[in-house]
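# Provided below are the primary sequence and the corresponding predicted coordinates.
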Amino acid sequence: MERKSITKKARELIERKGIVVVPGTYDALTAKIAESVGFEMIFHSGYGTAASLLGQPDVGLVCFKEMCERVKYMARAINVPLLCDADTGYGNAINVYRTVKEYIWAGAGGLFIEDQLWPKRCGHMEGKQLISLEEMVGKIKAAVEAKNEEDPYFLVGARTDAIAVYGFEEAIRRGRAYREAGADFIFIESPTSLEQLEKIPKLIPDTPLMLNLIEKGKTPFITVKEAEELGYKIVTHSVFVLYTVAKAAKDALTYLKEHGITPGYENMMPFPEFAEFIGLPKIREMEKKFLPKDVLEEKYGGRL
């Protein structure tokens, strides 16, 4: 899908009636799988990027270039909008201005930046520090100006981690200020009680709100239907796929270690099914279309 169509679709999704479920993925393959089962927008997880790229926790170790590269590969693998984690924007407001443009050029449908001090860390971890509200407002304004110059449909979201650092009231104050500064959606990270979950949409009305649910994280788990009834617009299970894949890989490798053979292990996609899913038939069709007949004969011996 053409880039402007992708960003237009992203904006339509948050403007239409009903909640948008945006599953967390972390590479081109997991994004492609999420699209194949019917999700209309997919989330690029910074936590998942750190874990899959570096084998490290989400504590600000992944750099700007590495995140942009991951966004590019993921966006090109799918035909639905990719909503992206852009951490703190990788510097001050001037850096944020460039970050937004680079994410747009990489093919993202939108992003959010957070008000943590670098090096940041996962919103459900301890030890977070924040920049001032005024500095974050400047970052949001720079992000909005950058996207308006390149693609006005592109979504710019703002996340605050203030609940963990300064308390719930400060998080609400910041959420309102960030919306006023021009953010398309607001992400209040890590509410710690059902009462807080219920209050946020009431205290920041007429605003698309994002909710992040992490298994055994700080935020109480609610269903998608419950989140919609409370007034949230976007819900992401940002590390569900990461945790599931990690356990599946560990279980599979444990089976191999114990049995010395893989046939008999049923919880996997076999070669023919995976080859078809990943796009091998299309490659074969392109070979027939573009490669000389003698090359095809040499490659396949007539078995086309």
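Yep, it's here.
# per-residue confidence at Ala146?
Note for Ala146: predicted pLDDT of 98.
# Excluding sequence neighbours, find me the nearest residue to it.
Val100 (3.9 Å; Cβ to Cβ, 6 or more residues apart in numbering). Quick note: C-beta positions are derived from backbone N, CA and C, even for glycine.
# The one you found against Ala143, yeah?
Yes. Using Cβ atoms under 8 Å, Val100 is in contact with Ala143, at 4.8 Å.
# rewinding a little: what score does the residue nearest to Ala146 have for pLDDT?
Taking Val100 on its own, its pLDDT is 98.
# May I see the buried residues of the host helix or strand of it?
Secondary-structure element containing Val100, defined by DSSP states H and E: helix 93-106. For helix 93-106, a neighbour-count test (16 or more other Cβ atoms under 10 Å) marks 93, 96-97, 99-104, 106 as buried.
# And for stretch 118-133?
120-125, 128, 130-131, 133.
# can you list the residues that contact that stretch?
With Cβ atoms under 8 Å, 6 or more residues apart in numbering as the test, stretch 118-133 has contacts from 47, 57-61, 87-88, 90-91, 114-117, 159-162, 164-166, 173-174, 177, 189-190, 212, 214, 217-219.
# Of these, select the buried ones using a ChimeraX command.
Buried members of these, defined by 16+ other Cβ under 10 Å, are picked up in ChimeraX with:
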select :47,58,60,87,88,90,114,115,116,117,159,160,161,162,164,165,173,174,177,189,190,212,214,217,218,219
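# burial count for the nearest residue to Tyr90 once chain neighbours are set aside?
Spatial nearest neighbour of Tyr90, excluding adjacent residues (Cβ to Cβ, 6+ apart): Phe64 at 4.1 Å. For Phe64, the count of nearby residues is 16 (other Cβ atoms under 10 Å).
# Phe39 too?
18.
# quick one: it is in a strand?
No. Phe39: not assigned to a strand; according to DSSP: H, G, I helix; E, B strand; the rest coil it is coil.
# who touches the closest residue in space to it that isn't next to it in sequence in this structure?
Residue nearest to Phe39 in three dimensions, not counting chain neighbours: Pro23, with 5.6 Å by Cβ to Cβ, 6+ apart. Shown in contact with Pro23 (Cβ under 8 Å, 6+ apart): 34, 39, 42-43, 236-237, 240-241.
# Then Gly217?
Contacts of Gly217 (Cβ under 8 Å, 6+ apart): 124, 190.
# Next, it: phi, psi?
phi -90, psi -160 (degrees, to the nearest 10).
# if we can go back for a sec, in helices only, show me the contacts of stretch 118-133.
Within these, membership in helices is found for 47, 162, 164-165, 173-174, 177, as judged by DSSP state H.
# And Leu197, how close does it get to Ile222?
In this view, Leu197 and Ile222 are 7 Å apart by Cβ to Cβ, to the nearest Å.
# any residues in contact with both of these two?
Leu230.
# Narrow the contacts of Pro23 to those in helices?
Using DSSP H, those in helices are 34, 240-241.
# in terms of contact, does Asp27 touch Lys72 like I think?
No. Assessed by Cβ under 8 Å, Asp27 is found out of contact with Lys72, at 11.6 Å.
# Pick the one among the ones in helices among the contacts of stretch 118-133 closest to Ile261.
Closest to Ile261 out of the ones in helices among the contacts of stretch 118-133 is Tyr47 (34.2 Å), distances taken as Cβ to Cβ.
# which residue sits closest to that closest one, ignoring its sequence neighbours?
Per Cβ to Cβ, 6+ apart, closest to Tyr47 is Asp58, 4.0 Å.
# Surely that neighbour is in contact with Ala51?
Yes. Here Asp58 reaches Ala51: they are 7.4 Å apart, a contact under Cβ under 8 Å.
# Next, show the common contact partners of the two.
With Cβ under 8 Å, 6+ apart, Asp58 and Ala51 have no common neighbours.
# hang on, the earlier thing: mind checking how far the residue nearest to Tyr90 is from Ile113?
12 Å.
# Cheers, nothing more for now.
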